[in-house]
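In: Below is the structure, and that's it, no one-letter string:
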């Protein structure tokens, strides 16, 4: 197997997708943040001093998806057609699970956009709660599903 981000002289390159067909591409990623009981209650009661934590995390996650090519060197700038963020409350941890689904019609996949959205969303929760809980744990950021393109579908 050869790495597509290296040329014949092992120099980094952005993959040339100009000959690929436009297809519908969808990717969903997820990740978890574990927080203290106190931090969880602040979020659930919407009483964080910095404002509404989960709503801010959703906006940040969408922004993160849109900025992926600015953050990850070999990612193509993409014209996303949709970014959907869902947050699941996990009182048993306590914590939250964030899901991001990115879509487009294009020549390259949106896995990195979904993964970046999750990462930025979870980091935003951390930032907004760090005064209460510096021991939060972000974990299990992973691709859940992808479809479209010649590499086919993936389902975790």
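Out: Looks like it arrived, so ask away. Please read all numbers here as calculations on a predicted model, not as lab measurements.

In: buried residues in stretch 44-63?
Out: 48, 53-54, 56-58, 60-62 (16 or more other CB atoms under 10 Å). Where you see a C-beta, it was placed from the backbone N, CA and C, and this is true even at glycine.

In: try stretch 68-83
Out: So, applying 16+ other CB under 10 Å, buried residues of stretch 68-83: 68-69, 75-76, 78, 80, 83.

In: Name the helix or strand of this structure that has the lowest mean pLDDT.
Out: strand 154-155 (a mean of 92; mean pLDDT, DSSP states H and E).

In: picking up where we left off before, can you tell me which of the buried residues of stretch 44-63 lies nearest to residue 123?
Out: For the buried residues of stretch 44-63, the minimum distance to residue 123 (CB to CB) is 7.7 Å, reached by residue 60.

In: Make sure the closest one is indeed in a helix.
Out: Yes: assigned with DSSP: H, G, I helix; E, B strand; the rest coil, residue 60 falls within a helix.

In: Helices of the protein, residue ranges please.
Out: For the chain, the helices defined by DSSP state H cover 37-44, 53-66, 68-71, 111-129.

In: Give me the angle between the last one and helix 37-44.
Out: If you take axes from the mean of the first three to the mean of the last three CA atoms, to 10 degrees, helix 111-129 sits at 110 degrees to helix 37-44.
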